[in-house]
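*Asks:* fold the stuff below for me.
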Amino acid sequence: QTTHPNYNQNMERAFIVAAVNGTNIYVNNGTTPVNPIPLNAGQSFVLRSENYINQGNQQYNMYIRSTENIYVFQLLAGASTGNEIATGGYNYIPPLSCYLPKKIDEIGFVNENEGYKNSVYSLTSPTKLNIITEAGALVTVQKNGANFPLTAIDGPYPVSGSSNWVTYSIARSATGATSVSGNITVNSSKAVTAGISAGDGAVGYGGYFAGFSAIPLITKTSGECLPGVRLEVTEGFGTYLWLLKVGATYIPAPGVNNLFHYEPPQAGIYAVQVKQGSCAQLQTQDFKFYNCTNY
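*Replies:* Numbers count the residues shown, from 1 in each chain. Predicted coordinates:
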């Protein structure tokens, strides 16, 4: 997402670095790779500002996908004052996944960036809050613990090339001022990530807060000896299936095995399959549970 992809300056571009040989890059709803020759690991490719799509109300986004793992950096410009390319910044963009968190708590002092801009001292800079979440999600924002009401101008906006994700972009305070401010918390009923883009005169900068998914780990939360042992993984996934490893094969664990917690009736090697949204099912690492020895 971006505030104003100035096509003439072409500052707000996407800089892509391949991590695997034979990587092809696709943008928005394109079906042909934008790179004429597949990239090898360490090679880079730049997508120009023209690839941002205005989804309405001057809300721009760009959808990037690839055949292999890549790193993506979003170059950021200053404000549209004629010198916006003088001191550009960049965002490191996290990959989209159904296994992203559902809450970002919190982005502290979201618009604070002390310094002199155009020879005038300021403690803050005009800031835009960008949110990416799964389509159909209920999104709420809080400022300093109070509800920050969203409007239709804020979103959600579609993403060309993916029906699974939508974006929000908020460039005002809860009272209608020109910039978001204070301590911001973002909640979504589905996977979410958020970041900021900001600029004042020649200065442009940004950042992302949360956004990297991880396979959950099994932990033992209570008990030492059977019965009374409780195993858990992260709460909030769509489905759970606890597994017992027998030899080299995983079978459904006995008893109630469809919750985020499980009480094993026997010692053994356990794992859990979890699924969220439209993403593929994941399986945790094995957890070896050995019952204590009673004398």
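*Asks:* neighbouring strands - and their directions - for the helix or strand of the chain with the lowest mean pLDDT?
*Replies:* For the chain, the helix or strand with the lowest mean confidence is strand 112-117, at a mean of 76 (criterion: mean pLDDT, DSSP states H and E). With DSSP bridges as the test, strand 112-117 is paired with strand 120-124 (antiparallel).
*Asks:* distance between the partner strand and the chain's centre?
*Replies:* 30 Å (Cα atoms, centre = their mean, to the nearest Å).
*Asks:* just the residues contacting it, thanks.
*Replies:* 111, 112, 113, 114, 115, 116, 179, 181, 200 (Cβ atoms under 8 Å, 6 or more residues apart in numbering). C-beta coordinates here come from the backbone N, C-alpha and C atoms, glycine included.
*Asks:* which of these are buried?
*Replies:* 111, 113, 179, 181, 200 (16 or more other Cβ atoms under 10 Å).
*Asks:* in contact with the closest residue to the first one other than its chain neighbours, which residues?
*Replies:* Leaving aside its sequence neighbours, residue 111 sits nearest to residue 127 (Cβ to Cβ, 6 or more residues apart in numbering; 3.9 Å). Residues in contact with residue 127, defined by Cβ under 8 Å, 6+ apart, are 110, 111, 171, 179, 180, 181, 196, 197, 198.
*Asks:* so in terms of bridging, what pairs with the last one?
*Replies:* According to DSSP bridges, the partner residues bridging residue 198 are residue 127, residue 205.
*Asks:* residues near it, how many?
*Replies:* 26 (other Cβ atoms under 10 Å).
*Asks:* doesn't residue 130 make contact with it?
*Replies:* No: the criterion here is Cβ atoms under 8 Å, and residue 198 misses it with residue 130 at 10.6 Å.
*Asks:* tell me the pLDDT at the closest residue to residue 287 other than its chain neighbours?
*Replies:* Spatially, and ignoring its direct neighbours in sequence, residue 287 is nearest to residue 218 (3.8 Å; Cβ to Cβ, 6+ apart). Listed pLDDT for residue 218 reads 94.
*Asks:* that'll do, ta.
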